[in-house]
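Asker: Sequence and predicted structure, then a few things I'm wondering about:
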Amino acid sequence: MERIARCSCCGNEHHHEHEQEHETGLKKIIIAAVLFVAGIIVEHAHFFATAGLSLGQFASTDELAAALLFLVSYILCGKNVVMGAVKNILRGSLFDEQFLMTVASLGAVFVGQYAEAVAVMLLYQIGEYAQDKAADKSRNSIEALMEIRPDKAFIKNGSNVLEVSPDDVGVGEIIIVKPGERIPIDGIVTAGKSFLDMSALTGEPVPRQVLKGSDVMAGSINTESVLEIKTTRIAGESAAARIIALVENAQEKKARSERFITRFARAYTPAVCIAALLLAVIPSIVTRDAHTWVYRALIFLVVSCPCALVISVPLSFFSGIGTASKNGILVKGSESIETLARAKTAVFDKTGTLTKGVFIVTDVHVADNAPIEEDELIALAAHAETYSNHPISKSIKTAHSGDCCNMATVSNAQEISGQGIKVLLDGKTVLVGNMKLMEEQHVGGIVSCNKNDFGTVVHVAVDGTYCGHIVISDKTKEDAAAAMTQLRKLGVQKLAMLTGDNKAVAENVAKDIGIDTVFSELLPDDKVEKVESLLAELGNKPKEKRGTLLFAGDGINDAPVLARADAGIAMGALGSDAAIESSDVVIMTDELAKIADAVSISKKTVAIVKQNIIFSLGVKAAIMILGALGIANMWTAVFGDTGVALLAIANAMRVMLWKKK
């Protein structure tokens, strides 16, 4: 299958042609600049002659030769702008930057300022070229993601290996991935052992070892030996495809600042055109000096062009999104950047988010009157959890080795949300779950947990009689405490945890990592209610005018809360459809520190946006006033337009220099 490289700047499917256009544009700018300088030299030949400098043929030229050089230079750098302005007028779009530049430059010609007319167009084109190059650079990290999806796959068909398009590979087929090749489709390793370079997916440089049974993601590079992989998804649903879709759609969600600039430019441009017209007409009638006031009006027009804002604000956000993606953080849009930057409350799910989600049985307590041993208690729980894939269930089944009782026939399994499971084992009703399950099923003789039971406590009852409980522990992530500290440094004032676990376990975890607010023993619906109450504490104002609430979850059972939070953050959940759809940010690894990184990048991005808005408007307003008063000339106006735009673009690019502290 032949791939078509899509240009990152303009959406053009012919990337090579677009690059050629860039090169042609640069050549025109250089030639126009040379002619412009030559024109200035010719125009001021008498000055050089007076100074005793010999310029050869230039010394004898006149103003006509200088005007000719300026004309050719103007055509080279200004023809497309003038034609663009004319086309836009015919389409009904009058007030845009091309119109402003055309009117200002032709007006300068009208008042005899030929050099300034060329300077307006030349510097405008330099600014446009710099904008395109800056946009290219800011997209580099995003464009690199497009290469993570291979264009071929090798299917194992008996003793043969066939090369096909990844789109033609179905679920359950065996593919071969050689060293140096990218994995084309998500799957499970069925043969081989190797290390995978996942830096394009996760932003982490350390290779990950995979063995038989390991899950692997499309886009990873096999670095050592041949792997056989059984596909678990089709190519269009792979991790690589999801990442690309997220990044491509990121700009669809505009930030409030971007929407403001767009609306501002629509009203601002016609307003300044009318103001410039009034500045040219009224004083000219009063003073009978049209030349002076038309010139001042042209200065007003040139400096008023809003391109510094229109270019730099979206570029800042795009640079922020690109920087985040380069660090393994997928932000769905610039609106989410603004939301992250205003974070005041951060809420976390416990299991799988703050903790590793890797449970082990650490203790077993059999009730005093129960006629069973510890291994039989574990066996009862393991049989009851036969059909559950919950991490806690897996840990119980892992702890159970062998058939210690004869209850092997499982039927009528009923999972009770937020409580546990109820099954029939050889005709006996077995309950396995938390204290709420025992209470609601009216189990008697419940023994309270030991004070040292810091972990998830799973109670077991048979036919209404309490048999004991199993303690299962989960370890907190190594970077959890450091992440909480960093979030506080970034301005997050409240850290909260939501969990269905018991109070003692929840508070112990919170104490270890520095979380101040704990909500424990919650059902799934309770989590949404708690988030609502935390949002209410932030105030009733729209989120644009108050602090925001972030929620981080593993994306499996947390979709409603991810959707309700101001910014939902899915942790390492590229395989979860609910997480992708409900969240605003996807952390491609399970590292909590990435959340602090996302907030840090967002704060830097928004700070730069504000700097550009204040700087651009401030400088333009000052030059407009000075121009109207006759203090500023056209060269000052050109700086106020193109110079300010270039400075704003350079400032926007600083987002890409972000480094983890």
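Answerer: The structure has been received and is ready for your questions. Numbers count the residues shown, from 1 in each chain.

Asker: and the residue minimising distance to the centre of the chain, what is it in contact with?
Answerer: In the chain, the centroid-proximal residue (CA atoms, centre = their mean) is V331; its distance is 2.2 Å. Residues in contact with V331 (CB atoms under 8 Å, 6 or more residues apart in numbering) are A250, G320, I321, A324, S325, I337, L340, D584, V585, A598, S602. The way it works is simple: take the backbone N, C-alpha and C, and place the C-beta from them, glycine included.

Asker: So in terms of bridging, what pairs with it?
Answerer: V585 (DSSP bridges).

Asker: one step back: let me have the contacts of V331 in a markdown table, extended by distance to A65 and secondary structure.
Answerer: Shown next, in a markdown table, are the contacts of V331 (distance: CB to CB, whole Å; DSSP: H, G, I helix; E, B strand; the rest coil):
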| residue | distance to A65 | secondary structure |
| --- | --- | --- |
| A250 | 53 | helix |
| G320 | 50 | helix |
| I321 | 51 | helix |
| A324 | 55 | helix |
| S325 | 54 | helix |
| I337 | 54 | helix |
| L340 | 59 | helix |
| D584 | 62 | coil |
| V585 | 62 | strand |
| A598 | 60 | helix |
| S602 | 56 | helix |
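
Asker: Go through these and name the one nearest Q493.
Answerer: For the contacts of V331, the closest approach to Q493 (CB to CB) belongs to L340, at 14.9 Å.

Asker: Please name the nearest non-neighbouring residue to the closest one.
Answerer: With CB to CB, 6 or more residues apart in numbering as the criterion, L340 has its nearest non-adjacent residue at 3.7 Å, and that residue is S602.

Asker: sorry, back to before: quick one: the residue nearest to the centre of the chain and A552, what's the gap?
Answerer: Using CB to CB, to the nearest Å, V331 is found at 14 Å from A552.

Asker: again, but for L301
Answerer: If you go by CB to CB, the gap between L301 and A552 works out to 50 Å.

Asker: Next: L76.
Answerer: 55 Å.

Asker: how far does whichever strand or helix holds V161 sit from the chain's center?
Answerer: Here V161, judged by DSSP states H and E, is contained in strand 160-164. Remark: strand 160-164 is offset 37 Å from the chain centroid, using CA atoms, centre = their mean, to the nearest Å.

Asker: so where's the stretch 201-350 of the chain uncertain?
Answerer: Counting by pLDDT under 70, the stretch 201-350 of the chain shows low-confidence ranges at 201-206, 239-240, 242-263, 265, 307.

Asker: for it, what spans make up the helices?
Answerer: 239-248, 256-287, 290-304, 307-326, 334-341 (DSSP state H, counting those that start in this stretch).

Asker: hmm, back to that, neighbour count and distance to I155 added to the contacts of V331, as CSV?
Answerer: Shown next, in CSV, are these (neighbours: other CB atoms under 10 Å; distance: CB to CB, whole Å):
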residue, neighbour count, distance to I155
A250, 23, 33
G320, 32, 40
I321, 30, 36
A324, 29, 36
S325, 23, 31
I337, 32, 41
L340, 29, 42
D584, 24, 37
V585, 28, 36
A598, 29, 38
S602, 30, 43
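
Asker: Tell me the one among the residues you listed nearest to A637.
Answerer: Distances from A637 to the contacts of V331, taken by CB to CB, are shortest for G320, at 31.1 Å.
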